[in-house]
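Colleague: I'll drop the sequence and a predicted model, then ask my questions.
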Amino acid sequence: MAVYPIVETFYSIQGEGLYAGAGAYFVRLFGCPVKCPWCDTKNSWTGKPNLSLSSDEIANEASLSSCDFAVITGGEPTIHPLQELIDAFHERGIKVHIETSGYMPKNIEADWITLSPKLHSHTHESYLEAADELKFIVSSEDEISLYLEKFGGYLRGKKAVFITPEFSKSRDAELLNSICETVKLYGSPLRAGWQLHKCFGAI
Ligand SMILES: Nc1nc2[nH]cc(C(=O)O)c2c(=O)[nH]1
Ligand code: SF4
Ligand SMILES: [Mg+2]
């Protein structure tokens, strides 16, 4: 049975994306080769994991909560062999959402895929095609244009494409205004994104 390096597991509300506001069981796996300078979970790739848990141990703990779905995040969770963990959740009737940057080629089947490609890192085509929703994390107006130039060909058919301010810029009036103007200009599937859990003081 696979054992996973864990930063933390917790039951909270999904703070991001189309499922924002729903109860979700989070599994934050350790390790990320992408190393974004503004990463808000640097403890997921610096230092060491806090514990190791098997797929059954993780899914058993989640099944004690009332969650409909688990969110496997990181770090970059897809550097680990995830299918066994996904199957363990499914055996217990829990759906699985994955948060990835698309760093690895897609080799898993999940119920929902949130892809947050990064401008400085390679994004595998397989995730760009399969993702249910996209999330562009932006630090400046220029980055909004760069994301749309680089990934504009993949927006069609997505359930939503969020443009979300990087957390230290989440009160930057100029950047927020640029996000609103971009959404107004292009329309669907673009949406202004936000981190709801941080407004609620949740993890
Ligand atoms: N509440 C909550 N929702 C989240 N959605 C995506 C998260 C992530 O860190 O990937 C996250 C997170 O860290 N907390
Ligand atoms: S891909 Fe995600 S976890 Fe990895 S450094 Fe970037 S923001 Fe942090
Ligand atoms: Mg987070």
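Modeller: Sure, I can see it. Ligands and ions are numbered 1, 2, ... in the order given.
Colleague: ranges for the strands of this protein?
Modeller: Secondary structure of the chain, counting by DSSP state E: strands at 3-13, 23-29, 51-54, 69-73, 95-100, 112-115, 133-138, 160-165, 190-192.
Colleague: for the residue nearest in space to the middle of the chain, what are its contacts?
Modeller: Geometric centre of the chain, nearest residue: Glu99, 2.9 Å, by CA atoms, centre = their mean. By CB atoms under 8 Å, 6 or more residues apart in numbering, Glu99 lies in contact with 71-74, 77, 114, 116. For glycine as for every other residue, the C-beta is placed from the backbone atoms N, C-alpha and C.
Colleague: need the residues of this structure near ligand 2, please.
Modeller: 32, 34-36, 39, 41, 44, 74-76, 101, 118 (CB under 6 Å from any ligand atom).
Colleague: in a markdown table: those, plus distance to Ala24.
Modeller: Formatted as a markdown table, the residues of the chain next to ligand 2 follow (distance: CB to CB, whole Å):
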| residue | distance to Ala24 |
| --- | --- |
| Cys32 | 20 |
| Val34 | 22 |
| Lys35 | 26 |
| Cys36 | 22 |
| Cys39 | 21 |
| Thr41 | 16 |
| Ser44 | 17 |
| Gly74 | 15 |
| Gly75 | 17 |
| Glu76 | 19 |
| Ser101 | 19 |
| Lys118 | 23 |
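Colleague: will you turn the residues you listed into JSON lines that also has pLDDT and distance to ligand 1?
Modeller: Below are those laid out as JSON lines (pLDDT from 0 to 100; distance: CB to the nearest ligand atom, whole Å):
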{"residue": "Cys32", "pLDDT": "98", "distance to ligand 1": "11"}
{"residue": "Val34", "pLDDT": "98", "distance to ligand 1": "13"}
{"residue": "Lys35", "pLDDT": "97", "distance to ligand 1": "15"}
{"residue": "Cys36", "pLDDT": "96", "distance to ligand 1": "12"}
{"residue": "Cys39", "pLDDT": "95", "distance to ligand 1": "10"}
{"residue": "Thr41", "pLDDT": "96", "distance to ligand 1": "6"}
{"residue": "Ser44", "pLDDT": "98", "distance to ligand 1": "8"}
{"residue": "Gly74", "pLDDT": "98", "distance to ligand 1": "7"}
{"residue": "Gly75", "pLDDT": "97", "distance to ligand 1": "9"}
{"residue": "Glu76", "pLDDT": "98", "distance to ligand 1": "10"}
{"residue": "Ser101", "pLDDT": "98", "distance to ligand 1": "10"}
{"residue": "Lys118", "pLDDT": "98", "distance to ligand 1": "13"}
